[in-house]
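3D model of this:
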Amino acid sequence: MDDYVIFLLEKLREFVERIVVVSNGDLTKHSEVAVEKVCDQLLIRENEGFDVGGYKAGMEAIGFDALSEYDELILLNDTCYGPIFPFSEMFSEMEGRNSDFWGASAHREMTPNPFTGTGYLPWH
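Here you go, the predicted model:
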């Protein structure tokens, strides 16, 4: 677990009630100790199902009944780097918007679509 992930989780902690970390593979003992200091639950699993498989495992660990008691759910992976600006700016901005689903990243358009090999993957 790289230091930037620990930093991200430390900064996120100020805004969330619970952090579940899902590792899609083994961690060194050093990494396991470091991440356990900044999360409430650590799951180590096989790398199956891409990011979505990890998200599903985390939600199942919390339990769908318990999830229904939360107002918001943040799903992120270790490709997130930062925060560069305080999370308070992002959360304050989004709190004022009427939105059920939003993202904090962007992916450039790709030709050809890496999933189909044809056409293009739109900017999202």
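
now stretch 80-99: buried residues?
In terms of neighbour count (16 or more other C-beta atoms under 10 Å), stretch 80-99 has its buried residues at F87. In this view, the C-beta of every residue, glycine as well, is placed from N, C-alpha and C.

contacts for it?
By C-beta atoms under 8 Å, 6 or more residues apart in numbering, the list of residues contacting stretch 80-99 from outside reads 4, 8, 11-12, 14-15, 102, 104-105.

helices of this structure, start to end?
Per DSSP state H, the chain carries helices over the ranges 3-13, 29-36, 50-62, 64-67, 87-95.

what's the average pLDDT for the last one?
Here the mean pLDDT over helix 87-95 is 94, rounded to a whole number.

for M110, which residues make a bridge with it?
Taking DSSP bridges, one obtains L121 as the residues bridged to M110.

before we move on, the earlier item: CSV please, covering the helices of the chain and showing distance to V20.
Converted to CSV, those look like this (distance: least, C-beta to C-beta, whole Å):
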stretch, distance to V20
helix 3-13, 11
helix 29-36, 11
helix 50-62, 5
helix 64-67, 11
helix 87-95, 18
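
ok, which of those comes nearest T116?
For T116, the closest of the helices of the chain is helix 50-62, at 15.9 Å, according to C-beta to C-beta.

buried stuff in that closest one?
By neighbour count on 16+ other C-beta under 10 Å, the buried set for helix 50-62 is 54-55, 57-59, 62.
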